[in-house]
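Student: Give the three-dimensional model of this entry:
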Amino acid sequence: MLRPLRLTWLFFRIGALNDLQYRANFWLQLLQSTIQLGTGLAVLGLIFSQTPALNGWSQPELLAVMGVHILMGGVIGALIQPSMERLRQDIREGTFDFVLTKPEDIQVISSIREIRIWQGVDVIVGLVVVGLAVSQLRESLGPIEAIGFGLALVIGGLMIYSFWLLITTVAFWIVRIDEIAELFQGLYQSGRWPVTIYPDWLRASLTFLVPIAFAVTVPAQALTSRLTPDVLALAAGFAAVALIASRAFFRVGLRHYSGASS
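Tutor: A predicted model of the protein is given here:
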């Protein structure tokens with residue numbers, strides 16, 4: 001258990017050293033995050049100038065959803081997506097052989113090789129927005145809600161990682177899957193709003209096919225005292241199944257990798 005953590009820390013340091021060579025990227029990321037936040041706040045202001053609540057969600061509660069959405073987007077952009085993109089590129093170009101020669105778990109090392117620290121700006125911005133939302137909520141955030149929020153975030157992050165690993169593993173059979181990754185980015189934008197406002201068919205799709213509900217809405221429910229133990233248990237169970245299924249699928253994909261020499 002400690003070895004993967006040490007490897008993650010090692011690759012984090014390498015990623016930090018690489019990114020620090022291009023410090024202008026920090027300001028570009030900060031500008032992008034500011035524009036994203038400003039746009040979201042403008043839309044919220046426009047909506048609540050016409051109605052006091054959106055399907056039972058008040059303005060501070062939707063601000064919490066926005067904060068979680070930005071925060072999780074930062075986690076995806078910093079820790080999950082870069083490594084999955086590099087994995088897809090290595091499979092396409094046949095350079096995945098270098099990973100296979102490493103004396104480590106192939107899935108672990110494939111999942112942590114690329115870390116982009118400047119994407120962490122979104123994590124900080126998201127935490128600030130979440131803090132502002134909590135300060136505006138009528139009910140204070142107690143220790144139970146805080147623990148539930150932390151657990152829901154971890155569970156949601158694991159589900160998103162499993163989803164990315166599943167779609168990236170498809171590259172062992174289909175080389176060009178860039179459009180699938182772009183499709184995820186489009187679907188992830190729907191997480192700006194609670195999935196409960198969507199029709200039933202779309203709500204189910206954003207919960208069990210693309211786990212955006214578990215990644216964004218469920219943590220936001222913990223902040224707004226809407227999360228029940230049953231939902232948290234369902235999320236934990238689904239995350240465990242997703243992790244097992246994605247690892248099994250990845251191992252099947254490895255057996256179909258032909259390498260650069262074929």
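Student: which sections of this protein are below the confidence cut-off?
Tutor: Across the chain, residues meeting the criterion (pLDDT under 70) sit at 1-2, 138-140, 259-262.
Student: can we see that at 80?
Tutor: Applying pLDDT under 80 to the chain flags the ranges 1-26, 29, 138-141, 175-183, 185, 258-262.
Student: Same question for stretch 241-250: list its buried residues.
Tutor: Buried residues in stretch 241-250, counted by 16 or more other C-beta atoms under 10 Å: 242, 246-247, 249-250. For the C-beta atoms, the positions are set from N, CA and C on the backbone; glycine is no exception.
Student: Same question for stretch 30-47.
Tutor: Using 16+ other C-beta under 10 Å as the test for burial, stretch 30-47 gives 33, 36-37, 40, 44.
Student: List the buried residues in stretch 197-204.
Tutor: Going by 16+ other C-beta under 10 Å, stretch 197-204 has these buried residues: 198, 203.
Student: burial measure for the residue nearest to Lys102 when sequence neighbours are not counted, as a count.
Tutor: Nearest residue to Lys102 in three dimensions, chain neighbours excluded: Ile109, at 5.6 Å (C-beta to C-beta, 6 or more residues apart in numbering). By other C-beta atoms under 10 Å, 19 other residues sit near Ile109.
Student: In a strand, Ile109, correct?
Tutor: No. Assigned with DSSP: H, G, I helix; E, B strand; the rest coil, Ile109 falls outside any strand and is helix.
Student: And the helices in the chain, which stretches?
Tutor: For the chain, the helices defined by DSSP state H occupy 2-19, 24-48, 59-75, 81-93, 97-100, 106-112, 120-136, 143-169, 178-188, 200-204, 212, 218-223, 229-255.
Student: Export those helices to a markdown table and append columns for distance to Pro194.
Tutor: Shown next, in a markdown table, are those (distance: least, C-beta to C-beta, whole Å):
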| stretch | distance to Pro194 |
| --- | --- |
| helix 2-19 | 32 |
| helix 24-48 | 13 |
| helix 59-75 | 6 |
| helix 81-93 | 24 |
| helix 97-100 | 39 |
| helix 106-112 | 29 |
| helix 120-136 | 13 |
| helix 143-169 | 13 |
| helix 178-188 | 14 |
| helix 200-204 | 10 |
| helix 212 | 11 |
| helix 218-223 | 7 |
| helix 229-255 | 13 |
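Student: Residues contacting stretch 217-229, please?
Tutor: Contact with stretch 217-229 is made by 57, 61, 64-65, 68, 72, 130, 133-134, 137, 139, 141, 145, 148-149, 151-153, 155-156, 191, 194-196, 231-232, 235, as judged by C-beta atoms under 8 Å, 6 or more residues apart in numbering.
Student: from the middle of its chain, how far away would that stretch be?
Tutor: On the basis of C-alpha atoms, centre = their mean, to the nearest Å, stretch 217-229 is displaced by 17 Å from the centre of the chain it belongs to.
Student: Just give the number of residues close to the closest residue to Gln59 other than its chain neighbours.
Tutor: The spatial neighbour of Gln59 that comes closest, neighbours along the chain excluded (C-beta to C-beta, 6+ apart), is Phe48 at 4.7 Å. The tally of other residues near Phe48 (other C-beta under 10 Å) stands at 14.
Student: Check the spacing between Phe48 and Ser225 real quick.
Tutor: 20 Å (C-beta to C-beta, to the nearest Å).
Student: ditto for Ala16
Tutor: Per C-beta to C-beta, Ala16 is found 37 Å from Ser225.
Student: Contacts only, for the spatially most central residue of the chain.
Tutor: Against the mean C-alpha coordinate of the chain, by C-alpha atoms, centre = their mean, the closest residue is Ile76 at 3.9 Å. When contacts are counted by C-beta under 8 Å, 6+ apart, Ile76 touches 160, 164, 188.
Student: and if we set it to 7 Å?
Tutor: Ile76 is in contact with Ile160, counting by C-beta atoms under 7 Å, 6 or more residues apart in numbering.
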